[in-house]
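Peer 1: Quick one, fold the following:
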Amino acid sequence: MSTLEFRNVVKEYTLRGGWRGSTLTAVNDVSFRLDSGKTIALVGQSGSGKSTIAKLLMQMERPTSGEILLDGQPIRRHGSGLRAYRRHVQMVFQDPFASLNPFHSIGHHLARPLLLHKKARTRQELRESVLGLLERVQLTPAESYIDRRPHELSGGQRQRVAIARALAPEPSILVADEPVSMLDVSIRLGVLNLLASLQREEDLGVLYITHDLATARHFSDEILVMFKGSIVEHGPADDVILNPQHEYTKLLAEAAPNPEKRVHA
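Peer 2: Below you'll find the model as predicted:
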């Protein structure tokens, strides 16, 4: 079991132009804990700081202050320490059309992390592992996908490949940054159900970053509501949705589709 923890994390950016030394606080004193086997939804509007948290978790950005801990230990940012961290914490990016290199086959995309993290030793093991990853994300028959290029796949199929790539190092934590926002509405549910089943079956911890409060309630154990860089509400998913305390959460809840509501003429 793994635990990923944010402790009083602040991320500030120095603004170019304007007043000298002026800064933008993108993340303001954020703390939370994600255990493997649990799903936490990070909800907020564009510009609230959600994607900055994802970048901090993936070590694409460095916190201005505060700590990010894996199993109680600070992350070592160089060499084998960073590689070990990224084996445990993987990311599914928002855009399935940009996250896969159009020049390489699906098999190549999945083989690279297997080789990088030494999950296969021979060509036969590598091929079997790639086929296994495709089957885990329900791209079957797997043999029909391994030699195809990304442009030959639909958006939903590409996102499944991206999920398979994230699973290749056998992580304990998955960061899913708006994983269905660029997909057709008709196929979003299938991808979200896939993530939910993988989380249950493989005991993954999932940070589901979204602006959609309805899916956050459906797929998450807890919800963090982010507004202007700060966490303004945190609790069990049903409690946050059904009994919101912060004014911003109330606005999000009112805007979320609710099939149980009836429209009266």
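
Peer 1: after the helix or strand where residue 80 lies, next one along is what?
Peer 2: Per DSSP states H and E, residue 80 falls inside helix 79-88. Using DSSP H and E, the helix or strand that follows helix 79-88 in sequence is strand 89-92.

Peer 1: now that following strand: mean pLDDT?
Peer 2: Averaged across strand 89-92, the pLDDT comes to 95.

Peer 1: So which residue is smack in the middle of this protein?
Peer 2: Nearest to the mean C-alpha position of the chain, by CA atoms, centre = their mean, lies residue 176 at 1.5 Å.

Peer 1: could you check the distance from it over to residue 41?
Peer 2: 10 Å (CB to CB, to the nearest Å). To be clear about C-beta, it is placed using only N, CA and C from the backbone, and glycine gets the same treatment.

Peer 1: Tell me who's in contact with residue 218.
Peer 2: residue 192 (CB atoms under 8 Å, 6 or more residues apart in numbering).

Peer 1: Give me the phi and psi angles of it.
Peer 2: Backbone torsions for residue 218, taken as degrees, to the nearest 10, come to phi -70, psi -40.

Peer 1: ok, it to residue 31 distance?
Peer 2: In terms of CB to CB, residue 218 sits 25 Å off from residue 31.

Peer 1: What residues sit buried inside the helix holding residue 80?
Peer 2: Going by neighbour count (16 or more other CB atoms under 10 Å), the buried part of helix 79-88 is 85-88.

Peer 1: Now residue 75. Nearest residue, chain neighbours left out?
Peer 2: Nearest-residue entry for residue 75: residue 85, 5.1 Å, with adjacent residues in sequence omitted and distances by CB to CB, 6 or more residues apart in numbering.

Peer 1: Run through the strands of the protein in chain order.
Peer 2: Ranges of strands in the chain, per DSSP state E, are 3-14, 23-35, 39-43, 65-70, 73-74, 89-92, 173-177, 205-210, 222-227, 230-236.

Peer 1: how about JSON lines for the ones you listed, with distance to residue 120 added?
Peer 2: Listed next are those as JSON lines, based on distance: least, CB to CB, whole Å:
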{"stretch": "strand 3-14", "distance to residue 120": "26"}
{"stretch": "strand 23-35", "distance to residue 120": "28"}
{"stretch": "strand 39-43", "distance to residue 120": "29"}
{"stretch": "strand 65-70", "distance to residue 120": "24"}
{"stretch": "strand 73-74", "distance to residue 120": "28"}
{"stretch": "strand 89-92", "distance to residue 120": "17"}
{"stretch": "strand 173-177", "distance to residue 120": "21"}
{"stretch": "strand 205-210", "distance to residue 120": "25"}
{"stretch": "strand 222-227", "distance to residue 120": "36"}
{"stretch": "strand 230-236", "distance to residue 120": "40"}
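
Peer 1: returning to what we had before: between the buried residues of helix 79-88, which is nearest residue 125?
Peer 2: Set against residue 125, the nearest of the buried residues of helix 79-88 by CB to CB is residue 87 (17.6 Å).

Peer 1: re earlier: any shared contact partners between residue 176 and residue 41?
Peer 2: Residues touching both residue 176 and residue 41 by CB under 8 Å, 6+ apart: 208-209.

Peer 1: Pull the contacting residues for the closest residue to residue 148 other than its chain neighbours.
Peer 2: Spatially, and ignoring its direct neighbours in sequence, residue 148 is nearest to residue 106 (5.4 Å; CB to CB, 6+ apart). Counting by CB under 8 Å, 6+ apart, residue 106 touches 134, 145-150, 153, 161.

Peer 1: Just want to check the distance between residue 106 and residue 150.
Peer 2: Between residue 106 and residue 150 the computed distance is 7 Å (CB to CB).

Peer 1: Overlap of the contact sets of the two?
Peer 2: Common contacts of residue 106 and residue 150 (CB under 8 Å, 6+ apart): residue 161.

Peer 1: coming back round to it: look up the pLDDT of the residue nearest to residue 75 for me, please.
Peer 2: 91.
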